[in-house]
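In: What would the 3D arrangement of this be:
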Amino acid sequence: MTHLIATFFYVGHMRPAPGTWGSLAALPCAWLIYMVSGPWGLLVGVILSYILGVWATAVETRGKDDHDPSEIVIDEVAGQWIALLPVAFGAHMMGANITALWPGWIAAFVLFRLFDITKWGPIGWADRMHGPTGVMLDDVIAGLFAAIGVIGLAGLFHLL
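Out: Now for the predicted structure:
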């Protein structure tokens with residue numbers, strides 16, 4: 001069970017760039033969650049993926065030298081869903097079809113991958129924590145930065 005969670009249904013075994021595959025796999029899952037339960041369901045998904053991710057990562061890395069193996073991508077899923085929250089809540093508030101906000105989906109994906117890969121500032125600090133909390137927390141922070149970027153880009157776009 002922990003391997004299924006940590007690898008997000010084995011997506012983490014895809015090569016190359018398993019983190020990018022994990023982020024991509026998170027997109028249709030976010031859409032499905034939104035369609036079933038709206039933006040609040042996606043927020044619950046973020047919380048559950050974080051809690052389950054810490055647990056699954058702890059079990060999967062126990063006794064191993066590598067504290068953050070590349071096949072663990074549940075952290076990317078949680079971070080990607082955070083990056084999508086402004087799109088989900090924006091669509092809900094405006095009564096718009098969430099797929100009509102496709103530029104926000106692209107921005108959320110690109111910004112999240114940018115912050116996750118570069119590990120600027122507090123993202124790098126969290127990554128250096130090691131252990132399951134560090135594995136998850138750097139992507140949560142990257143997701144928050146990406147969400148802020150999505151909000152900024154939406155504001156800029158709507159001003160033009």
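In: Name the nearest residue to Met1, sequence neighbours excluded.
Out: Distances taken as C-beta to C-beta, 6 or more residues apart in numbering put Ala56 closest to Met1, at 7.8 Å, once the chain neighbours are dropped. Where C-beta positions appear, they are placed from N, C-alpha and C, glycine not excepted.
In: The one you found against Gly12, yeah?
Out: No. Judged on C-beta atoms under 8 Å, Ala56 makes no contact with Gly12 at a distance of 10.9 Å.
In: who touches both of these two?
Out: Taking C-beta atoms under 8 Å, 6 or more residues apart in numbering as the contact rule, Ala56 and Gly12 both touch 6, 72.
In: Which other helices and strands does whichever strand or helix holds Leu156 contact?
Out: Using DSSP states H and E, the element containing Leu156 is helix 131-159. Applying 3 or more C-beta pairs under 8 Å, 6 or more residues apart in numbering; DSSP states H and E, one finds that helix 131-159 makes contact with helix 18-61, helix 74-94, helix 102-118, helix 122-127.
In: For that helix, what is the distance to the chain centroid?
Out: 9 Å (C-alpha atoms, centre = their mean, to the nearest Å).
In: Only the buried residues of stretch 141-148, if you could.
Out: 141-147 (16 or more other C-beta atoms under 10 Å).
In: now do stretch 106-126
Out: 107-109, 111-113, 115-116, 119, 123, 126.
In: how about a markdown table for the buried residues of stretch 141-148, with distance to Leu101 and pLDDT added?
Out: Compiled in a markdown table, the buried residues of stretch 141-148 are given as follows (distance: C-beta to C-beta, whole Å; pLDDT from 0 to 100):
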| residue | distance to Leu101 | pLDDT |
| --- | --- | --- |
| Ile141 | 24 | 98 |
| Ala142 | 21 | 98 |
| Gly143 | 17 | 98 |
| Leu144 | 19 | 98 |
| Phe145 | 19 | 98 |
| Ala146 | 15 | 98 |
| Ala147 | 14 | 98 |
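In: Need the max-distance pair from those residues.
Out: Ile141 and Ala147 (10.6 Å; C-beta to C-beta).
In: wait, what's in contact with the spatially closest residue to Ala88 that is not a sequence neighbour?
Out: Closest residue in space to Ala88, ignoring its immediate chain neighbours: Pro39 at 3.9 Å, by C-beta to C-beta, 6+ apart. Neighbour list for Pro39: 85, 88-89, 91-92 [criterion: C-beta under 8 Å, 6+ apart].
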